[in-house]
Each structure stands twice: as structure tokens, then as C-alpha cells.
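> The amino acid sequence is not available; the structure is as follows:
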């Protein structure tokens, strides 16, 4: 149907109380047809989840089964083998591919299941969620903003009752149920400003010793709340429009974000990474921001960091791809509160390649860990006082056809037990200044903190 009188948020609000396990994915990048879609996923009918070293799989209409993970190399095959159990048929594969796959995430800490690294057991488990969770949805509403077209896609399986008429009725409903949101108490953090400066000094010392060339060190904040945290997502998409906007509702916890950075895209036999490294704060004055963008391109420290992470992206893709190239280099992109320097690295993927293998080889992004990655992650685990959980993980879609589109979970909130968790980091090199890195973290989190404040006024 025509979508010109519908919005993804309006449809989502009408559907979420009727169906469990709802997901909303949007993008503000509507200038090209391939990037112009928003998706609403309804009613999980199967999936796979990793928690405490146990893999739970559930096929539609069947009971869940649990198996233990034995080796680090197993996970990528378990995930892909699960998707390959589905035989897909449709009248229009080009459009129905949006529903024929898994939507989900894996956390930063999940790297322990596909690398030999081991992190210490977290003492603070307040922000812990399953390491990975991917779901097959019965319905996917795909809204093509480029053509103002709405598609209602249904995965039909034997033994699964169809409620397509109910979904269509709710899409056309005029009601938009909204609920209030309110913060409770003051914001807190897992460390003081002085503590963060101290771990930055440790990171600088590690660079001087040659342990790493760069390390990304982060800080967590948390805010208690009452009411509907979806209002925070609504505010965030307004304050910080980004290529990846998402709200994943898992019942006892939710993930909401406005990420500027892809972890990995696989489309038509090509893998793409967009390293983002080099950040200046925006002033609010376009003329001054243009000057700051020019200064960013010339800043020795920011450029050294960017070059290092572009090289890391090239190396990561080279392990699983051929013909790896840097197709765009040091482009300036403006976001609501910061200016970023962005490049693009691509590689050719063989037909039939397991997309989870490519995902895992490129994870975590160098922009969230450092270089070399393994040592950087060991030091992150030693220096940061709490486990990262969702922060720095990846979230998105893997198609049964091998396609993939995942964002890095930055500018992202975890809602759990009436608490919002938000985290930001800065890339530390030998030339870093602790105070400047502290301010970079604050600049990156400004959009999230502003959204929490704005959410109280939404009705």
C-alpha cells in the first residue's frame, strides 16, 4: 500500500501492545533507494540465543533445544547452520528477502566465543544480557521511504496461525497509544572523572611501552527511570538522526540506539566497513563547524588514529575477502553533537561464504577496541571497572541468502530493570591528553543524555 500517510513510529506504537517481541529499525539515509527502508518486525516464531556458554535454538512450532558451546570456532557455524535449515520460497525474492532472515545482536563480551580471549567474571552484573540473540519474525513491515511504499511481509509456516488481517487492521488504525517517561533520581557512573583520566594515563603508558598503538577506553553512565523508555528513542531519533536507528524490545530488556557506524555490510558479493575515527565537537554554528572540520582533517593525532584504524579494517577484511580496497578516505560527516572523519573499505566475498565468519573476523571494530585488537581487548578488560555488555557490540540483520547489515552499538541505550545504561569511549594514542579524551566521551554521550531529558516532555 502507499505509505505516505504512515510513519514507522506510529505503526510501531499501534502494534507493540498487541504482539510480543517487536523490533523497529529505521534510517535517516533516504537519499538512495537501497538505504531508504524502515522495518517493523512482529511476533518472533523462532531463533537462537547464547547465554552463559549455552546455545538455545528454537524452530517455529517446536520446543527449544539447548547445547553447550565447546570451541571458539563453533559459534559461527552453529548460527549459520541454523539459518540453513530454512528452505525459502516466494513470488518476489527481491522484496521478501527482508523477512527471510534473522534480526538480532551480539554483545562486545561475546567475542570470547569466537576468539581465544577470556575476560574476567564481572562483579557488577546489572547491565548483563544474553551474549547474542537472533530471531525469525512472522511479520516484517518494510517501508520504502524512497517510493512511499509499505509492504506487509508474512513468513508462512505449517502450524503457525496467520494473523495478517489483525496486523493490517492495526496498521490502518488511527489510535497512537503513548505513555509518559520520567527520570528518577540523579545520573550515576561506574567511575568518576578523575578515574577516567587515570585509565587514560594507563592507556597512554601502554602505547609508549609498545603494548598497543591505540586503545579505546570507555565509561558507563546509568539513569533510573519510570514509564515508557520508547519516548527516549523518539527523542533520540529527533536529536541525533543517524544511518542506524533501532529499538529492539525483548521484554525484560530493550536496546535503543542511533548509531553512525556500520560493523559490516554484505550485499551482492561485497563486504563493506566504514571506519569512523577522528572526532571534534560541534559548536552549533555552521561556519565555525566548517572551520573545525578543516582542523579535524589536519590534526596529526586524529589523522594518525584514523589511518591506523583504516589499516586495521583492511587487514580484517583481507582474512576473509579478496580485492580489498579503500574506496573512500577521510570524508567529513556532521552529526548532531560531533564531527566525524569516515572512510570506506570494501572486499569481495565468495558466493556461499558464511556471513557470521566475516562478521566475527571483523569484530570488534577497531574503533571500539584498538590495535592490535587482541592486546587492546586484554587491556580494556584490565582497565575498565565493569564489563561492556552491549556497548561496542553489533546489531542488525543476517539474511538466509548470506546478506548482512549490522551497526555497531554506539550512541546506544540498554534499558533493564527501570535503568538506562549508556556508554562512550575515546581512542587513546601516545599523543593523547586525558582531559581531551574525557571531553570526547562527554561529547559523544551528549545526544543520549539530551534525549533522556527531552523524553520527559513527550506526550
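Thanks, I have it. Please read all numbers here as calculations on a predicted model, not as lab measurements.
> From here on, just use CA atoms for contacts and neighbour counts.
Noted.
> Endpoints of stretch 179-197, how far apart?
The first residue of stretch 179-197 is 39 Å away from its last residue (Cα to Cα, to the nearest Å).
> which parts of it are buried?
By neighbour count on 16 or more other Cα atoms under 10 Å, the buried set for stretch 179-197 is 181, 182, 183, 196, 197.
> next one: stretch 412-423
So for stretch 412-423, counting by 16+ other Cα under 10 Å, buried means 412, 413, 414, 415, 416, 418, 419, 420, 421, 422, 423.
> which residues are contacting the helix or strand the last one falls within?
What that stands for is residue 423. Using DSSP states H and E, residue 423 falls within strand 419-428. Strand 419-428 is contacted by residues 127, 200, 203-204, 214-225, 277, 305, 367-368, 370, 391, 410-415, 437-438, 440-442, 444-445, 448 when judged by Cα atoms under 8 Å, 6 or more residues apart in numbering.
> quick one: average pLDDT of that strand?
Mean per-residue pLDDT for strand 419-428: 96.
> OK, contacts around the residue most central in space within the chain?
Centroid-nearest residue in the chain: residue 409, 3.2 Å away (criterion: Cα atoms, centre = their mean). For residue 409, the contact set (Cα under 8 Å, 6+ apart) comprises 257, 259, 390, 391, 392, 393, 394, 395.
> where do the strands sit along the stretch 151-300 of the chain?
181-189, 214-227, 244-249, 253-259, 262-267, 270-273, 276-281 (DSSP state E, counting those that start in this stretch).
> Am I right that residue 10 falls within a helix?
Yes - assessed with DSSP: H, G, I helix; E, B strand; the rest coil, residue 10 lies in a helix.
> what's around the spatially closest residue to it that is not a sequence neighbour, how many residues?
Nearest-residue entry for residue 10: residue 176, 6.2 Å, with adjacent residues in sequence omitted and distances by Cα to Cα, 6 or more residues apart in numbering. Residue 176 sits with 13 neighbouring residues when counted by other Cα atoms under 10 Å.
> Same check on residue 168?
13.
> Pretty sure residue 356 sits against residue 76.
Yes - the criterion here is Cα atoms under 8 Å, and residue 356 meets it with residue 76 at 5.3 Å.
> Provide a list of residues in contact with residue 252.
Taking Cα under 8 Å, 6+ apart, one finds 416, 417 in contact with residue 252.
> Distance check, it against residue 9.
21 Å.
> Direction included, what does the helix or strand bottoming out on mean pLDDT in the chain pair up with?
When the helices and strands of the chain are scored by mean pLDDT, DSSP states H and E, strand 276-281 comes last with a mean of 81. Strand 276-281 has the following strand partners under DSSP bridges: strand 338-348 (antiparallel).
> Would you mind checking the average pLDDT for the strand it pairs with?
In this model, strand 338-348 has a mean pLDDT of 90.
> need the next SSE after it, C-terminal direction.
helix 355-361.
> Give me the contact list for the least confident helix or strand of the chain.
By Cα under 8 Å, 6+ apart, the list of residues contacting strand 276-281 from outside reads 261, 292-293, 296, 302-303, 305-306, 309, 337-343, 367, 427, 440, 443.
> Now do the helix or strand residue 315 falls within against strand 419-428: the angle between them, please.
Taking DSSP H and E as the criterion, the element that holds residue 315 is helix 300-318. With axes from the mean of the first three to the mean of the last three Cα atoms, to 10 degrees as the basis, helix 300-318 and strand 419-428 are set at 100 degrees to each other.
> can you give me the helices for the stretch 51-200 of the chain?
74-83, 93-96, 164-172, 193-209 (DSSP state H, counting those that start in this stretch).
> Save those helices as JSON lines, and put in distance to residue 351 and mean pLDDT too.
Shown next, in JSON lines, are the helices of the stretch 51-200 of the chain (distance: least, Cα to Cα, whole Å; pLDDT from 0 to 100):
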{"stretch": "helix 74-83", "distance to residue 351": "14", "mean pLDDT": "89"}
{"stretch": "helix 93-96", "distance to residue 351": "17", "mean pLDDT": "84"}
{"stretch": "helix 164-172", "distance to residue 351": "34", "mean pLDDT": "94"}
{"stretch": "helix 193-209", "distance to residue 351": "40", "mean pLDDT": "97"}
